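Trainee: attaching a predicted model along with its sequence, questions to come.
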Amino acid sequence: MLSPAHHPGEAAPIIELDGVTKRFPGIIANDSVDLALRPGEVHVLLGENGAGKSTLIGMLSGLLQPDAGQIRIDGKVQSIGSPSQALGHGIGTVFQHAMLVPTLTVAENLLLGGPWWRRPNKEGLVEKVETLAQQLGMRIKLDALAADLSLGEQQMVEILRALLRGSRVLILDESTSMLSPAGVEELGALMRRLVERGMALVFITHKLREATAFGDRISVLKLGRKVGEIEPGRFRELDEDTLMAEIVEMMFGIRSDDPESVAQVPGPVDDTIAPLFSVRDLALPAGPNAPGLSEISFDVRPGEILGIAGIDGNGQKQLAEALAGQRADAEGSITLDGAAIDGLTVGGRRARGLRYLTDDRLGEGTVGSFPVAINFFIKEVGAPPYWKGAFERGAAIDQRAAELIKDYDVRTPSRQTPIGQLSGGNVQKVVLARELAEGARVVIYNKPTYGLDLNNTLSIRQRIREVAAQGKAVILISTELEEVLGLANRIAVMAEGRITGFVDNGPDARMNVGRLMIGISQ
Ligand SMILES: Nc1ncnc2c1ncn2[C@@H]1O[C@H](COP(=O)(O)OP(=O)(O)OP(=O)(O)O)[C@@H](O)[C@H]1O
C-alpha cells in the first residue's frame, strides 16, 4: 500500500524559477514557467510526454540554458551554467536511467567525480556512507559491482551520491518508472525522510497514485506551460477523488487557447463489419529494461484506425515488434483476414500485407549510407522485379524510385543521395512509400511523427487517414494524445505491458484516455 504523505509548513524557497522560457527550433518547450522549490517539500511535476518536464529539469541541472526568465537561488539571481555548477549550488539530479559505471563497485562509483576526486579517501567515505545510510534507513552494499545491483539499488546509490555531494535540492526524474511496487514504496519512504531533513525534492512521475501519495505540492505542465499548481494546504484538504479529478482536468482538460482542441474527432467504425486483423492473448516475457506484454487482445476492422495511447515505455514498442514478427518469444494468436499469421516470419507477414513503420526510422528503418532509391526496395533485395539474383536492376529501381519520390513528395537532392543526409520528415516519407506503395493491408505505425516539424507532421497524419480510407486496418501507436485523438476511431491505452482500457473516440475521449494513461481505471 502507498503510505499517506504528511505535510510540513511552507518555508522560503531554495530555488525559484521566474518566467523561465526555453525554445527549440519550432517549439516552445517551456513557456514562461514559474516554480518554487521549498525545503521540506516533495514537489511533483506532472504532464504528458512532451509537456516540458525534462526541459525544465535540464535547466535546473545545468544541461540547458533558459532563453528568458530568471533562476533565483536563496533569493539571488544565479545562472546554472553546467552540471558542475548545479552541483555547486546544491542541486543533484537522479536521471531516469542510472548513470553508474557498471564495472566499478558502489564505493568506487561514489568516489568518482565527487569532492574526493583529487584525493580519494575510502575510509572517510565508508564512515559517511554508513552514517547516512543508517539515518535514512538505506541498505548500501559498498563492495558490490554496480552492474550487479537492481535498478532500485542503483537509484539508491545515485541518491546517496547526490547527498554526499551536499545536495539540498534533489531531482528525481521518473525514478519510479522501472521499479517494482516494493521498490516504489521504499523510494517513497526515503523521499519522505529526505524532506524531513530539510531537502527540497522534485519528483517527476506519470502515475497519479504516486503523485498523491508521495507529494506535498503538485505542478502540472501542458504544452510547455504551467497550467496549475496544488499547494500543500489544498493538497491536504481535498479528498483523494476530488484531488484526482482536479489533476486530470488540469492535465487533460481542454484549454480555450489550445490550438489542437478544435481538431476533428473521427467517429467509430461500423462494428458489424468483420475484423481484418485480430490479436488474442498476446504475451511477451519482460526484458532487462523493458516491460513484458500480457493478455493483449484487440480487433481492427478495415478502414479503422485503432490508436494505442500510453506513456512512453509501457510496452508499445514491444507490441509493435511482436505484431511485426520480430519477437520469436511472443505467445498468442494473430490473424489477418481470418488466416493465422503468428507462425510466420517478418518477411512472411509482410508478404501477407502486414507493414510496420518503426519509430527508429534511421536505425532500423533505413540504411543511412545507401542511396534514397535503394532504400525504397531494401526489403526486397534479391527478389524480382528490382533484382535479378544478386544483380540490381538499376533502370527499374531508378524509374520506380522517381515515381515514389514524386508521389510521396520526398525532398531529396537526387535519387542517389545517401538517405542519412535527408531530414527526418523526408526519411519518414521514404519509409511510408516503401511500406505502403504495394500490397499493404494492415499498417502499424509507431510514433510516426516523432521529431518531425509541423508541416511534415500534418502531411504524414493526412497520409495515415488516407491509408485507412482505402480500407486498410491501421494501428497507430503514439505517445502524443493529440495525435491519437485527432486520428483514431477507437483508442486502447497501454500501461505496464497491458491494455488497461478501450475508449471510443468522441467528446469524452480525451478525459477518459487521460485517466487511463495516469493509472485511473474506468
Ligand atoms: N533538444 C531538443 N531539440 C528540439 N526539441 C526538443 C529538444 N528537447 C525537447 N524538445 C521538445 O520540447 C518539448 C518538451 O519536451 P520535454 O522532453 O521537456 O517533455 P517531457 O514533459 O519531459 O516529456 P516526457 O514525459 O516524454 O519525458 C517536446 O515537444 C520536445 O519534442
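Mentor: Sure thing, it's come through.

Trainee: count of residues packed around Cys385?
Mentor: Cys isn't right for residue 385; it's Pro. Other residues near Pro385 number 11, with proximity taken as other Cβ atoms under 10 Å. For glycine as for every other residue, the C-beta is placed from the backbone atoms N, C-alpha and C.

Trainee: give me the three-state assignment for it.
Mentor: Secondary structure, DSSP: H, G, I helix; E, B strand; the rest coil: Pro385 is coil.

Trainee: start the count at 507 instead of 1 going forward.
Mentor: Done: numbering now begins at 507, and the last item shifts to Pro891.

Trainee: check contacts around it.
Mentor: Listed by Cβ atoms under 8 Å, 6 or more residues apart in numbering, the contact partners of Pro891 are Arg899, Ala902.

Trainee: so what's whichever residue of the stretch 757-906 of the chain sits closest to the ligand up against?
Mentor: The minimum distance from the stretch 757-906 of the chain to the ligand, using Cβ to the nearest ligand atom, falls at Asp818 (5.4 Å). Neighbour list for Asp818: Asn555, Thr985 [criterion: Cβ under 8 Å, 6+ apart].

Trainee: from Gln905, how far out is Asp679?
Mentor: In this view, Asp679 and Gln905 are 51 Å apart by Cβ to Cβ, to the nearest Å.

Trainee: those two: who's more crowded?
Mentor: Asp679 (20 against 12).

Trainee: which bits of the stretch 807-956 of the chain sit near the ligand?
Mentor: Within the stretch 807-956 of the chain, the positions lying close to the ligand (Cβ under 6 Å from any ligand atom) are Asp818.

Trainee: for stretch 999-1016, measure first residue to last.
Mentor: 12 Å (Cα to Cα, to the nearest Å).

Trainee: list the buried residues of that stretch.
Mentor: Neighbour-count burial for stretch 999-1016 flags 999-1009, 1011, 1015-1016 (criterion: 16 or more other Cβ atoms under 10 Å).

Trainee: repeat that for stretch 774-792.
Mentor: Going by neighbour count (16+ other Cβ under 10 Å), the buried part of stretch 774-792 is Val775, Pro781, Leu782, Phe783, Ser784, Val785, Leu788, Ala789, Leu790.

Trainee: thinking again about what came up before, from the buried residues of stretch 999-1016, which single one is nearest Val600?
Mentor: Using Cβ to Cβ, Glu1002 comes nearest to Val600 of these, at 21.5 Å.

Trainee: that closest one reaches Pro797, doesn't it?
Mentor: Yes: the pair Glu1002 and Pro797 qualifies as a contact (Cβ atoms under 8 Å) at a distance of 5.5 Å.

Trainee: gap between Leu541 and Val973?
Mentor: Distance from Leu541 to Val973, by Cβ to Cβ: 42 Å.

Trainee: that's a helix at the residue of the stretch 757-906 of the chain closest to the ligand, yeah?
Mentor: No: counting by three-state DSSP, Asp818 falls outside a helix, being coil.

Trainee: in the chain, which ranges drop under the pLDDT threshold?
Mentor: 507-515, 604, 619-627, 761-770, 1028 (pLDDT under 70).

Trainee: show me it divided up by domain.
Mentor: What automatic domain parsing lists as the domains of the chain is 521-608+656-759, 776-859+946-1028, 872-944.

Trainee: just give me the residue closest to the centre of the chain.
Mentor: Centroid-nearest residue in the chain, with Cα atoms, centre = their mean: Asp818, separated by 2.9 Å.

Trainee: if I look at it, how far off is Pro797?
Mentor: Here the criterion is Cβ to Cβ. By it, Asp818 lies 12 Å from Pro797.

Trainee: same check on Leu863?
Mentor: 22 Å.

Trainee: mind checking which helix or strand the closest residue to Leu523 other than its chain neighbours is in?
Mentor: Spatial nearest neighbour of Leu523, chain neighbours left out: Leu541 (4.4 Å); criterion: Cβ to Cβ, 6 or more residues apart in numbering. Assigned by DSSP states H and E, Leu541 falls within strand 533-543.
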